[in-house]
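**Q** my questions concern the predicted model and sequence given below.
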Number of protein chains: 2
Amino acid sequence: MSPAGFSRRGLLGGSGALLVGVAGGFAGGRAVTSGDAETAAEAASYAFRGEHQAGIVTPAQDRLHFAALDVTTDSREELVALLQEWTEAAERMTRGEDAGPEGAVGGSYLLPPDDTGEAIGLPPGGLTITFGLGPGLFRDAEGRDRFGLADRQPEALRDLPHFPGDVLDPRRSGGDLCIQACAQDPQVAVHAVRNLVRIGFGRVSVRWSQLGFGRTSSTSTSQATPRNLFGFKDGTANVKAEEPEALAEHVWVGPGDDPAAGWLAGGTYLAARRTNMTIEVWDRQPLGEQEAFIGRTKGTGAPLSGGSEHTEPDFEMPGSNGTTVIAPDAHVRVVHPDAHGGARMLRRGYNFVDGSDDLGGLDAGLFFIAFVRDPATGFIPVQNAMAKNDALMEYLRFTGSALFAVPPGVGEGEFVAQALFA
Amino acid sequence: MSPAGFSRRGLLGGSGALLVGVAGGFAGGRAVTSGDAETAAEAASYAFRGEHQAGIVTPAQDRLHFAALDVTTDSREELVALLQEWTEAAERMTRGEDAGPEGAVGGSYLLPPDDTGEAIGLPPGGLTITFGLGPGLFRDAEGRDRFGLADRQPEALRDLPHFPGDVLDPRRSGGDLCIQACAQDPQVAVHAVRNLVRIGFGRVSVRWSQLGFGRTSSTSTSQATPRNLFGFKDGTANVKAEEPEALAEHVWVGPGDDPAAGWLAGGTYLAARRTNMTIEVWDRQPLGEQEAFIGRTKGTGAPLSGGSEHTEPDFEMPGSNGTTVIAPDAHVRVVHPDAHGGARMLRRGYNFVDGSDDLGGLDAGLFFIAFVRDPATGFIPVQNAMAKNDALMEYLRFTGSALFAVPPGVGEGEFVAQALFA
């Protein structure tokens, strides 16, 4: 609350903030606005601090604003100060408060406000803010160790290799830092990124940024599987929050994983791939072809070998034409853990439409995000297999790519990535 | 419902569709999905047919997908057939059904589906689809009367003039046709546009398309005034659905307005202006300066002359420095109806963020949409005054522009714009 008594909730006229318990393990603050109903999901707020960063196993919110930033200062002290300021602001915003203690309208008229104001009156929106560190933070493009961190660079934190089918736009790839803001309301997610960028003025600049409007994965068994822009259910086999053993095996970096990067234990890696779909071409394919490409039915998402959505595919089941029911190049087969030593990911991608391309089609697709314990075993081989063998590749183009190390959760009194600087 | 019994609702397992009445004047169909709560707003559906097109006075939904299209055929018959097919598909989709009678998964495996599928399982989402006709439909860039409509072109339907401050991108301007799809869920809005574009394959191509994530106006007194990316309440003085006399005076084209275009009676004009905000610069302005630019307080939205949000501004109230409390170049004064012969608009714009610009800032702002009875008196003078005199212009750049005539509502058995072709 600001000295003047203004906060996002405080501006809502006579209606007080009411703390409510909502099923699902989060504390919820409800802001009553006039005329617009508010759901439990919009009222939800997730703790910023914890063992792991929020926004990974948190049940995937509906909207995304993702930003990759370049650090424009060479000062380690300024970098640390930025992370400290970001920690405070992120914690405030995930509680549904303004980014700074004065707030959008509570400060001096002679100073720029410490919040930009477009989220005044909006509930917390289930906001999570997840920070990541790119390879350039440890060693920049010229090989310089700007911040004295080079000897702590994780072995796996390298620019992703070139994959077949990559037509990467350098203005949509890479970055020294990333911010993943997820919320039920895009205005809440945009507000979070914007204010963190504002706080970073003079120390960081936005390299690229991406909005996503529809989650394409479930990260909790409490969520229905959503659909991507191919019209198919996506992420059926995702690692879920309710699978602690799978999370430990496939998502969280273990204490002994990387001797040089002990600070990353309890963290993870975030691989981002902007994946354009040629949806106009896809839409002209027969239903049977579409299902053959995926290896699942479009309606229920069941494998073509039968059953229901969560039935394991039978890759050996013979088909009528001398091959298998699930084709050799079907997506579900090519990326299946059986083909990759059991590797699984926690996917958390979003559908996007960014206007139109130059051919009169929609610039649309899937902004793929996956969290993995080790990109070298958990992501790169799967991406390679997909790029080389997957029938879907005819309808996909990869236009952006980035890899970030995601530090572990932030304890009380700590700031993001503090252990890296210890 | 398709022959196979599949529809967006029919795929939801055992849960039946339940017709519920919801306050606010709409009929609501509720689809029960597992795990995700659904609000009354998401369950709402608005009738596609009526005296006026939906999506104008309809309480502004939260999300927008707007597309401008060029007609690629020269055949009047093909154009009429397209409008007939669009009418059927739009009516189906606003009911929460698939775009075609077979549906995403109900048709032959040997044919492309007549729906793309990404909205399977989603409720109607309060979807409205509003069609508009651009000047090029009546006379193309070479002056050709491709469809025999030139003598029925409305007098006011011309390309908007160049305004001071325009830095228009031709790839974000103009268009022979437009589709404004609004919904509570962006996936529902995107699905609508995509399927209409798919249906139009070979007859239209997308010229540009714009997503908006946060409504910036209220079109009903039942709605709270939302905030734009300047952090201020926007559209306080909007014409509202509950003002039939103001709608008749300022929004709906009258039967005698334009002798050549009697077909447009009961319709309106849609002016679209993609308005970039230099938000990083704005964010560094003191609160007092921001409020002076707007002429309202940032917190409550009250005029600087006092009162509450809906108090009329007192433009004569003297200030402490020899001028008025509300500055001569304050936005609220420059665009106020008093300065424009009482002209009012029905605004229905949306906030947008389209990634980043080349300067490390967000490509963000307001996708301004206004519905007016006559652009020559209701829009162009206001836009001119703003571009010339408004203090806000320092933080605005107009990057896209278009004007469309919006035909009246579609009666039973009719198709969109039928009277134009009679």
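**A** Cool, got the structure.
**Q** and the residue nearest to residue A:404 when sequence neighbours are not counted, helix, strand or coil?
**A** Distance criterion C-beta to C-beta, 6 or more residues apart in numbering or on different chains; nearest residue to residue A:404, sequence neighbours excluded, is residue A:132 at 3.0 Å. For the C-beta atoms, the positions are set from N, CA and C on the backbone; glycine is no exception. Under DSSP: H, G, I helix; E, B strand; the rest coil, residue A:132 falls in the strand class.
**Q** neighbours around residue A:132, how many?
**A** 29 (other C-beta atoms under 10 Å in any protein chain shown).
**Q** thought it was touching residue A:408?
**A** No - in this structure residue A:132 lies outside contact range of residue A:408 using C-beta atoms under 8 Å: 11.9 Å.
**Q** now do the SS call for the residue of the stretch 301-422 of chain A found nearest chain B.
**A** Relative to chain B, the nearest point of the stretch 301-422 of chain A is residue A:360 (3.3 Å; C-beta to the nearest C-beta). Secondary structure, three-state DSSP: residue A:360 is coil.
**Q** can you name the residues that contact it?
**A** For residue A:360, the contact set (C-beta atoms under 8 Å, 6 or more residues apart in numbering or on different chains) comprises B:70, B:205-207.
**Q** closest point of the stretch 201-350 of chain A to chain B, which residue?
**A** Closest point on the stretch 201-350 of chain A to chain B, by C-beta to the nearest C-beta, is residue A:231, at 2.4 Å.
**Q** actually, the stretch 51-200 of chain A.
**A** Residue nearest to chain B within the stretch 51-200 of chain A: residue A:117 (2.4 Å; C-beta to the nearest C-beta).
**Q** pretty sure that residue belongs to a helix, no?
**A** No - assessed with three-state DSSP, residue A:117 is coil; it does not lie in a helix.
**Q** can you give me phi and psi for residue A:383?
**A** Residue A:383 has phi and psi values of phi -60, psi -40 when expressed as degrees, to the nearest 10.
**Q** how near is it to residue A:210?
**A** Residue A:383 sits 18 Å away from residue A:210, going by C-beta to C-beta, to the nearest Å.
**Q** which neighbouring elements make contact with the lengthiest helix in chain A?
**A** Using DSSP state H, we find that the single longest helix of chain A is helix A:76-94. In terms of contacts (3 or more C-beta pairs under 8 Å, 6 or more residues apart in numbering or on different chains; DSSP states H and E), helix A:76-94 is packed against strand A:128-133, helix A:186-199, helix A:418-421.
**Q** turn those into a markdown table, columns for distance to residue B:367.
**A** Shown next, in a markdown table, are the helices and strands packed on helix A:76-94 (distance: least, C-beta to C-beta, whole Å):
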| stretch | distance to residue B:367 |
| --- | --- |
| strand A:128-133 | 26 |
| helix A:186-199 | 14 |
| helix A:418-421 | 40 |
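**Q** distance of the closest residue to residue A:274 other than its chain neighbours from residue A:170?
**A** Nearest residue to residue A:274, sequence neighbours excluded (C-beta to C-beta, 6+ apart): residue A:400, at 3.1 Å. Residue A:400 is 9 Å from residue A:170, where distance means C-beta to C-beta.
**Q** more neighbours, those two?
**A** A side-by-side neighbour count of residue A:400 and residue A:170, using other C-beta under 10 Å, places residue A:400 first with 24 against 10.
**Q** wait, the more buried one touches residue A:209, no?
**A** No - contact criterion C-beta under 8 Å: residue A:400 and residue A:209 do not qualify, at 10.8 Å.
**Q** can you pull out the low-pLDDT segments for the stretch 1-150 of chain A?
**A** The stretch 1-150 of chain A contains residues with pLDDT under 70 at A:1-38.
**Q** mind listing the strands for it?
**A** Along the stretch 1-150 of chain A, counting by DSSP state E, counting those that start in this stretch, strands occupy A:18-22, A:26-30, A:44-45, A:63-71, A:128-133.
**Q** helices or strands up against the fourth one?
**A** The one in question is strand A:63-71. With contacts taken as 3+ C-beta pairs under 8 Å, 6+ apart, strand A:63-71 sits against strand A:177-183, helix A:186-199, strand A:204-212, strand A:362-372.
**Q** same deal with the shortest one?
**A** With contacts defined as 3+ C-beta pairs under 8 Å, 6+ apart, strand A:44-45 has these neighbours: strand A:26-30.
**Q** name whatever forms a beta bridge with the nearest residue to residue A:133 once chain neighbours are set aside.
**A** The spatially closest residue to residue A:133, leaving aside those adjacent along the chain, is residue A:405, at 4.9 Å (C-beta to C-beta, 6+ apart). Taking DSSP bridges as the rule, residue A:405 bridges to residue A:133, residue A:269.
**Q** count the residues that sit near residue A:405.
**A** Residues lying near residue A:405 (other C-beta under 10 Å) number 27.
**Q** mind checking pLDDT for the residue of the stretch 301-422 of chain A closest to chain B?
**A** Note on residue A:360: pLDDT of 80.
**Q** quick one, helices of the stretch 251-400 of chain A?
**A** For the stretch 251-400 of chain A, applying DSSP state H, counting those that start in this stretch gives helices covering A:279-282, A:287-294, A:331-334, A:375-378, A:380-389.
**Q** that older thread, how about the helices and strands packed on strand A:63-71, which one is nearest residue B:60?
**A** Closest approach to residue B:60 among the helices and strands packed on strand A:63-71 (C-beta to C-beta): helix A:186-199, 13.7 Å.
**Q** quick one, that closest one and strand A:204-212 angle?
**A** 170 degrees (axes from the mean of the first three to the mean of the last three C-alpha atoms, to 10 degrees).
**Q** kindly export helix A:186-199 (C-alpha atoms) in CSV.
**A** Output of helix A:186-199 as CSV, limited to C-alpha atoms (Å, rounded to 0.1, in the frame of the first residue of the first chain):
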residue,chain,number,x,y,z
PRO,A,186,-3.1,-10.5,-20.9
GLN,A,187,-3.2,-6.9,-19.6
VAL,A,188,-1.8,-8.2,-16.3
ALA,A,189,1.0,-10.1,-18.1
VAL,A,190,1.8,-7.1,-20.3
HIS,A,191,1.8,-4.8,-17.3
ALA,A,192,4.3,-7.1,-15.5
VAL,A,193,6.8,-7.2,-18.4
ARG,A,194,6.4,-3.5,-19.2
ASN,A,195,7.1,-2.5,-15.6
LEU,A,196,10.1,-4.8,-15.3
VAL,A,197,11.5,-3.3,-18.5
ARG,A,198,10.8,0.2,-17.2
ILE,A,199,12.7,-0.6,-14.0
